[in-house]
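Novice: I'd like to go over a predicted model; first the sequence, then the structure.
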There are 4 protein chains.
Amino acid sequence: MIKRIAVLTTGGDAPGMNAAIRGVVRYGIYKKLEVMGVFRGWWGLINEDLKLFDHRSVSGIVNLGGTILKTMRCTEFRTKEGQERAYQTIKKHAIDAILVIGGNGSFSAADAFSKNYNIPCVGIAASIDNDINGIDMTIGWDTAINTALNAIDNIRDTATSMERIFVVEVMGRESGSIALAVALAGGCEDVIIPERKLDFASMCHDIVNGNVKGKISWIIVVAEGAGSAQDFAKKITTLTNLETRALVLGHIQRGGRPTALSRDIALNLSRAAIDCLLEAKGNKAVGIIAGKVASVDFEKTLFKKETNIEAAYNLIKVMS
Amino acid sequence: MIKRIAVLTTGGDAPGMNAAIRGVVRYGIYKKLEVMGVFRGWWGLINEDLKLFDHRSVSGIVNLGGTILKTMRCTEFRTKEGQERAYQTIKKHAIDAILVIGGNGSFSAADAFSKNYNIPCVGIAASIDNDINGIDMTIGWDTAINTALNAIDNIRDTATSMERIFVVEVMGRESGSIALAVALAGGCEDVIIPERKLDFASMCHDIVNGNVKGKISWIIVVAEGAGSAQDFAKKITTLTNLETRALVLGHIQRGGRPTALSRDIALNLSRAAIDCLLEAKGNKAVGIIAGKVASVDFEKTLFKKETNIEAAYNLIKVMS
Amino acid sequence: MIKRIAVLTTGGDAPGMNAAIRGVVRYGIYKKLEVMGVFRGWWGLINEDLKLFDHRSVSGIVNLGGTILKTMRCTEFRTKEGQERAYQTIKKHAIDAILVIGGNGSFSAADAFSKNYNIPCVGIAASIDNDINGIDMTIGWDTAINTALNAIDNIRDTATSMERIFVVEVMGRESGSIALAVALAGGCEDVIIPERKLDFASMCHDIVNGNVKGKISWIIVVAEGAGSAQDFAKKITTLTNLETRALVLGHIQRGGRPTALSRDIALNLSRAAIDCLLEAKGNKAVGIIAGKVASVDFEKTLFKKETNIEAAYNLIKVMS
Amino acid sequence: MIKRIAVLTTGGDAPGMNAAIRGVVRYGIYKKLEVMGVFRGWWGLINEDLKLFDHRSVSGIVNLGGTILKTMRCTEFRTKEGQERAYQTIKKHAIDAILVIGGNGSFSAADAFSKNYNIPCVGIAASIDNDINGIDMTIGWDTAINTALNAIDNIRDTATSMERIFVVEVMGRESGSIALAVALAGGCEDVIIPERKLDFASMCHDIVNGNVKGKISWIIVVAEGAGSAQDFAKKITTLTNLETRALVLGHIQRGGRPTALSRDIALNLSRAAIDCLLEAKGNKAVGIIAGKVASVDFEKTLFKKETNIEAAYNLIKVMS
């Protein structure tokens, strides 16, 4: 029977992680569980950096970006020794199960650890990249999109006023999920993503063609997984002889007040994660699937996310 | 065969309506249709206030709140004479079908008109209230929630600093959809919605109880359909003898830059609406259903939306 | 010689108060002072609710609205007994001087207390109302204006889309300072403030006249000190027979992330306040005067602020 | 006697330029002037790209970033031929005076042109860089600072959660004005600006020292005029062996909804500029000086802005 659980955040921080932590702690307590907060992800388990949380430990954090539990890369956890030390902490503190708030890398680590030491783990899908296979929407994605969109809206002012071509790089690791959402919402002229082969000559042709017709401002969104804004900007200038500006939005997309959606998802998923544990359904990740809270096996999340981006891409081109 | 369509916005304006207008015009043109914009909703059909739109008519509007087509209440359209005059405009301008961007009131009118005059109508679900039966998410709802949430976050600062009880009224007509989303995301202590019987004595008991334990700041969200913030604030003071402040967020929730989600939904729905028309599926409304773009018969949207709010309500209480 | 100071926040909270607290603590420590934080304003002095702050006590608060020291009305401090008890706390904790972050009411109390007990007090001008005589700009005003302006911008969307007349009430107590700034920046059609006699008939005449010429949307800003939005809206409808909507922005104007200006002023004023104390210049308030950090005698702040609003009002009318 | 004026925007766009255009047009008309809008700065004068504006030409733009008049670099205007062609346009359209909304480069060009052709020019100080000598505050600066500050606040979330060192480059050309304001308001640990010699070894010593004491997150703001974020980040890593992240905020700082201050300044300066013209005070720039609207001779603006940054820098260090 599960009496005490531990919660940790791993991987890149995502807006809404704090809401998820709050959710896990408060819903856990409501379900008569003890909840320990582990600091700096797996590193905290290995190094026994954790403490018992109560209701008030998570006051006033629902609207904060980042994670009060902090997060850290931890290569040691991939070693047998690291996992062994983590397990010692778990035994010492009588922890019965672990909730991992993070992305697919985190779930892969949790899956292995869980199987090696027979400790139930449930994942809560949190990632600005929204790149977890089997899950349609993760905590943080909506906030990152809106942050990037604010930037794009700002850039549009200058692009229009100075009649320039901007190449704007957004985050997303190997995924074009942020780029596609932002390019559509921002009315951008084109988008370059890893999931789709770029016809560079055709893109430049469009630019030159538009230029001839008087369309001089242009915003092209690049997903970081598809290449660098700087490189594309240079290549466009080379091919078209038109001036370009490159911009990398970078880490501003990770932080900030989470949107309502990122918070509401976080709180709902934290309830679902604990319910999963209490129903003895370990080694699963909870996320939004087909518009609802649902769960998926860890194994499934380890595959590359399948996406059908052609319709999304076409819509961007039609709307631009 | 459909060659020319008209698009109009009716009912209360919702952020993302302009994105939907853009979507209809540009996707329509892409599909070789002519698109006429009708001003001030049904009034514009009756009074022949419309014009042919081209690609550039909808430039630079994707990020604007409100509706460039304007919207207006029009009781005349509910009369036979009004509909007849509207039909004359349609015939005169050789309009083959109508796209109605609005809520369930708009769809009801469109449904009747369509049947009376055999003119295909498709609705695009846009309403900050998200109260359309059969549809999970409408254009504008996400923006309204985030606007209300910003306000709640601000109020939280004062509630905490001055240790006060706030009763905050949000929009939603007969629906508690904004109230529930905002109360959860804002970490609010309670929520009063039309869909759920209020146990007022118990709520006041909680407040007094919290007060004794040192929890002095309190935010209660009221959906407008459940009563007025002013009244509830007074009643709470009467029963608990504690000072309260009432606040009505009102029309700030209608306007503002649409969020990424409100824009992306709008652009996707506009494509779907035109595809519906071209596939001869009239008298339907398109919206987000189970996380995807889908359509529902007008008839279905006329019923009161069924909601299961108990789980949502409980989560708010557990998280507060 | 001053070794230990106490800092408190009183009156209504204002965005940037936390930045000022941070400033006082960190600059105080830098100047080798000990700094005690007093909770809930004068109440905390009376009830010995205070503690020694260190560098880290004010970490991570520069961007937070509200005040971590909380604030409270305290009628007891206006009595001899209240002041005596406050003085006992001061003696007991060896406090040499007091920094009061607040508005003119706070300065008046500080002035009296200081003279009665010969304890140096310096005020830091913080008030969203910007109504302190002798001071051009207070902490929090800029943030409140921007919050109100966001609301006005949102309302503009609906006012334009639905072609309506809105009467929007903003804060400011007896001052029209927020109303004037917002009405100008928001492109509002008129503004009603306590400092200026309203020609109501002329205003209604303008509305009707505009209406005839096709200008149907209209936003009128009302400073709370000049009357209620509800009342004005009703009166306009009575006189013009046009539909109106009233909106009270209320407490959303108090909270929220402080703007850069509110924070930068706060940090600069906190330095100036401590420098004042160390130069033995008590019974002064620091604020922005003629674009610079400067100080003014408490006595001066007790008078009603003189303002010349005719030019500002005319500009609004010309620009609308 | 001045009957017809022309207004243009030159140099980089700044948020609030549209408010200034609105101000010039509406106040100009109020003063019985005719106002022509010139497109793309000096280029529009040279190429006769201008038109008569009326009251409604500037409707709905007060809250928009960028400039509806567009702006463009124009090397031709520095030639005798270019100026001659511009003058022909002026004569042809009976333009009596020119209002130039822009920065010091624009004023320099206006000064020369004005003297060569005896055409009165008045400048309206608009520049996000706030680098105009003799003027304390320009249109757009406040908005740019707040945009950069939003980004810094976001980055703080990740810097704290992942315990990392960020080097963030902000705009400002040869000026550290944005960097100083943002670093103070953002609670940043250090700032590198062109006006101040950097003690790089000491900065790195601070970082390492902080790191030893447990302070692991760090944000350093770099003004673009002082070097590149990328370079500084690399150098810090080389010297301290600590991981760093570089971020260039870039053009997002140019655009976006202008803040209340940027708009209010713009509208006040536009009135002042026209009053200057009507009082036959040409070859002056209007801006905010010592907290008030005032003017300065063009000649003065051509010098490098004198700044006293030591106190500002010290405050940042004390507050971090």
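Specialist: Ah, there it is.
Novice: okay, now the residue lying closest to residue A:111 once chain neighbours are set aside: neighbour count?
Specialist: When the adjacent residues along the chain are set aside, residue A:111 lies closest to residue A:298, with 4.0 Å between them (C-beta to C-beta, 6 or more residues apart in numbering or on different chains). In this view, the C-beta of every residue, glycine as well, is placed from N, C-alpha and C. Taking other C-beta atoms under 10 Å in any protein chain shown as the criterion, the count of residues near residue A:298 is 25.
Novice: so what's residue A:298 up against?
Specialist: With contact taken as C-beta atoms under 8 Å, 6 or more residues apart in numbering or on different chains, residue A:298 is in contact with A:107, A:108, A:110, A:111, A:114, A:121, A:123, A:283, A:284, A:285.
Novice: Might you report the residue contacts of residue A:2?
Specialist: Going by C-beta under 8 Å, 6+ apart, residue A:2 touches A:33, A:96, A:97, A:120, A:277, A:278.
Novice: My read is that the fifth one contacts residue A:124, right?
Specialist: No. Contact status for residue A:277 versus residue A:124: not in contact, 11.1 Å apart, counting by C-beta atoms under 8 Å.
Novice: the more surrounded of those two?
Specialist: Higher neighbour count among residue A:277 and residue A:124: residue A:124, with 31 against 23, using other C-beta under 10 Å.
Novice: now that one: how far from residue A:14?
Specialist: When distance is defined by C-beta to C-beta, to the nearest Å, residue A:124 is 10 Å away from residue A:14.
Novice: Overlap in contacts, the two.
Specialist: Common contacts of residue A:124 and residue A:14 (C-beta under 8 Å, 6+ apart): residue A:139.
Novice: Identify the residue nearest residue A:143 in space, chain neighbours excluded?
Specialist: residue A:15 (3.9 Å).
Novice: Let's verify that neighbour: helix, strand, or coil?
Specialist: Of the three states, residue A:15 takes coil under DSSP: H, G, I helix; E, B strand; the rest coil.
Novice: Just give the number of residues close to the closest residue to residue A:11 other than its chain neighbours.
Specialist: Computed as C-beta to C-beta, 6+ apart, the closest residue to residue A:11 that is not its neighbour in sequence is residue A:102, at 4.2 Å. When neighbours are counted by other C-beta under 10 Å, residue A:102 registers 31.
Novice: re the thing from before, chain B next: which of the contacts of residue A:2 are close?
Specialist: The residues of the contacts of residue A:2 that also fall near chain B, by C-beta under 8 Å from any C-beta of the partner chain, amount to none at all.
Novice: from the residues you listed, which single one is nearest chain B?
Specialist: Minimum distance to chain B across the contacts of residue A:2 is 12.5 Å, recorded for residue A:33 (C-beta to the nearest C-beta).
Novice: Count residues in the vicinity of the closest one, would you?
Specialist: Using other C-beta under 10 Å as the criterion, residue A:33 is surrounded by 19 other residues.
Novice: Then residue A:186?
Specialist: 27.
Novice: Which strands and helices lie in contact with the helix or strand harbouring residue A:286?
Specialist: Secondary-structure assignment from DSSP states H and E places residue A:286 in strand A:284-289. Contacting strand A:284-289 under the criterion 3 or more C-beta pairs under 8 Å, 6 or more residues apart in numbering or on different chains; DSSP states H and E are the following elements: strand A:121-125, helix A:260-278, strand A:292-297, helix A:298-301.
Novice: okay, those in TSV with mean pLDDT next?
Specialist: What follows is those, written out as TSV (pLDDT from 0 to 100):
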stretch	mean pLDDT
strand A:121-125	98
helix A:260-278	98
strand A:292-297	97
helix A:298-301	95
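Novice: highest average neighbour count across those?
Specialist: Of all the helices and strands packed on strand A:284-289, strand A:121-125 has the most neighbours on average by mean count of other C-beta atoms under 10 Å in any protein chain shown, namely a mean of 30.
Novice: Tell me the strands beside that one, with direction?
Specialist: strand A:97-102 (parallel), strand A:284-289 (parallel) (DSSP bridges).
Novice: Need the residues that contact it.
Specialist: By C-beta under 8 Å, 6+ apart, the list of residues contacting strand A:121-125 from outside reads A:20, A:24, A:97-103, A:106-107, A:110-111, A:113-114, A:132, A:135, A:138-139, A:266, A:269-270, A:273-274, A:276-277, A:281-288, A:295, A:298, A:301.
Novice: Is there a quick PyMOL command that grabs whichever of the residues you listed are buried?
Specialist: A single PyMOL command suffices to select whichever of the contacts of strand A:121-125 are buried according to 16 or more other C-beta atoms under 10 Å in any protein chain shown:
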select buried, chain A and resi 20+24+97+98+99+100+101+102+103+106+107+110+111+113+114+132+135+138+139+266+269+270+273+274+276+277+282+283+284+285+286+287+288+295+298+301
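Novice: got the buried residues for stretch A:193-203?
Specialist: Residues of stretch A:193-203 classed as buried by neighbour count (16+ other C-beta under 10 Å): A:193, A:194, A:195, A:196, A:198, A:203.
Novice: for the residues you listed, which one is nearest chain C?
Specialist: Within the buried residues of stretch A:193-203, the smallest distance to chain C is 32.3 Å, found for residue A:193 (C-beta to the nearest C-beta).
Novice: which secondary structure elements does the helix or strand harbouring residue A:156 contact?
Specialist: Secondary structure assigned from DSSP H and E places residue A:156 in helix A:141-162. The contact analysis (3+ C-beta pairs under 8 Å, 6+ apart) places helix A:141-162 against strand A:165-170, helix A:177-185, strand A:218-223, helix A:260-278, helix B:260-278.
Novice: could you redo those as CSV and give each row distance to residue A:147?
Specialist: Compiled in CSV, the helices and strands packed on helix A:141-162 are given as follows (distance: least, C-beta to C-beta, whole Å):
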stretch, distance to residue A:147
strand A:165-170, 10
helix A:177-185, 9
strand A:218-223, 14
helix A:260-278, 11
helix B:260-278, 9
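Novice: got the domain boundaries for chain A?
Specialist: The record, using automatic domain parsing to delimit domains, assigns chain A the ranges A:4-140+A:258-301, A:141-254.
Novice: Of all residues in chain A, which one is nearest the centre?
Specialist: Residue closest to the mean C-alpha point of chain A, counted by C-alpha atoms, centre = their mean, is residue A:127 at 1.7 Å.
Novice: related to what we said a few turns ago, can you check what angle separates the helix holding residue A:156 from strand A:165-170?
Specialist: Direction vectors for helix A:141-162 and strand A:165-170, defined by axes from the mean of the first three to the mean of the last three C-alpha atoms, to 10 degrees, enclose an angle of 170 degrees.
Novice: ok and helix A:141-162 relative to strand A:218-223, angle-wise?
Specialist: With the same axes, to 10 degrees as the criterion, the two stretches helix A:141-162 and strand A:218-223 enclose an angle of 150 degrees.
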